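*Asks:* Attaching a predicted model along with its sequence, questions to come.
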Amino acid sequence: MLERLPFHRFKEFNLLDDADRQAVFALGEAPVDLPRHAVLRRESEPPRHIYILLSGWVGSSVLLPGGERQIVKFHLPGDLLGTPSMCLAQAADTLTALTAVTISRVPVAAFGALFASSPRFAASMFLSVQRERVALMDRLAAIGRTSALARVAALLLDIDDRLRVAGIADGEGFELPVTQEQIGDYLGLTAVHVNRVFRQMVEGELIARDRQRIVLLDASRLRSMSARQQRVMSRDSSWLSGEHAA
């Protein structure tokens, strides 16, 4: 079913063998195309499925006490959506298509069965969750202690890195199909402030913009001003054998 799956999220830690990969391919239901603004799952609904994002962008948002929505994650192709809510009786967030998307639903029971049958898949998912925790720590530090320019720079670098790993970025830039209001919501900035930062980046020859297309003209300068940590994923799987256990 999932031959179109961007497989990078399952192989980034070098743990899965061919049998594991085939089991992952068999996980999901038939891919479904959904339009922009479609809601995959609402906050407080029972989390009966997770979702594999095959194409397009999805936003994860939470409802605040005043009735506003806060975007907490931009999901890109290859991401697994909805896994944080597997530990809850009700989903913690709403998943909304920010563009036209293609998804495959995976019943949580099928996901759990693969954990039971493939310890290496379970270990891969465990490490992927830790990777997300590190990314969250970096983002919280950036929002709390860095300038608007640094936050936007970090976001652009993060998206570029993730799209490159997925084999989607072509080295000549990428599409940024979200509004400045959505970016501001995600980064804790106003849309006006985001617009001002983009103009500053263009004038400083850090990026080039053509409608939704972004080209990083000087990635090294962007990294310097973003204070974004350069994290290197470990591909050493020897710990799984337990040979070094005390």
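*Replies:* Arrived safely, thanks for sending.
*Asks:* Go ahead and flag the most central residue of this protein.
*Replies:* For the chain, residue 75 is the residue whose C-alpha lies nearest the centre (C-alpha atoms, centre = their mean; 3.9 Å).
*Asks:* partners of that residue in the sheet?
*Replies:* Going by DSSP bridges, residue 75 is paired in beta bridges with residue 58.
*Asks:* ok, now which ones touch it?
*Replies:* 53, 57-60, 81, 95 (C-beta atoms under 8 Å, 6 or more residues apart in numbering). Yep, even glycine has a C-beta here, placed from its N, CA and C like the rest.
*Asks:* for those residues, which one is nearest residue 204?
*Replies:* Closest to residue 204 out of the contacts of residue 75 is residue 57 (26.7 Å), distances taken as C-beta to C-beta.
*Asks:* I figured that closest one hits residue 100, correct?
*Replies:* No: Residue 57 sits out of contact with residue 100 when judged by C-beta atoms under 8 Å, with a separation of 9.4 Å.
*Asks:* Run through the neighbouring helices and strands of the longest helix along the chain.
*Replies:* Using DSSP state H, we find that the single longest helix of the chain is helix 119-145. Helix 119-145 is packed against helix 8-11, helix 18-25, helix 108-117, helix 148-165, with contacts defined by 3 or more C-beta pairs under 8 Å, 6 or more residues apart in numbering; DSSP states H and E.
*Asks:* mind checking which helix or strand of the protein has the lowest mean pLDDT?
*Replies:* Lowest on mean pLDDT, DSSP states H and E among the helices and strands of the chain sits helix 8-11, with a mean of 62.
*Asks:* rewinding a little: can you tell me which of the helices and strands packed on helix 119-145 is nearest to residue 129?
*Replies:* Ranking these by proximity to residue 129 (C-beta to C-beta) places helix 8-11 first, at 11.3 Å.
*Asks:* care to break the chain down by domain?
*Replies:* 7-118, 146-225 (the TED database).
*Asks:* Out of these, which is closest to residue 133?
*Replies:* Closest of the domains of the chain to residue 133 is domain 7-118, at 10.6 Å (criterion: C-beta to C-beta).
*Asks:* Give me whichever of the helices and strands packed on helix 119-145 is most buried.
*Replies:* helix 148-165 (a mean of 20; mean count of other C-beta atoms under 10 Å).
*Asks:* next helix or strand past it?
*Replies:* Later in the chain than helix 148-165, the nearest helix or strand by DSSP states H and E is strand 174-175.
*Asks:* So which other helices or strands are in contact with that following strand?
*Replies:* Strand 174-175 packs on helix 148-165, strand 213-216, going by 3+ C-beta pairs under 8 Å, 6+ apart.
*Asks:* The longest one to helix 119-145, inter-axis angle?
*Replies:* Looking back up the chat, that one is helix 148-165. Here helix 148-165 points in a direction 160 degrees away from that of helix 119-145 (axes from the mean of the first three to the mean of the last three C-alpha atoms, to 10 degrees).
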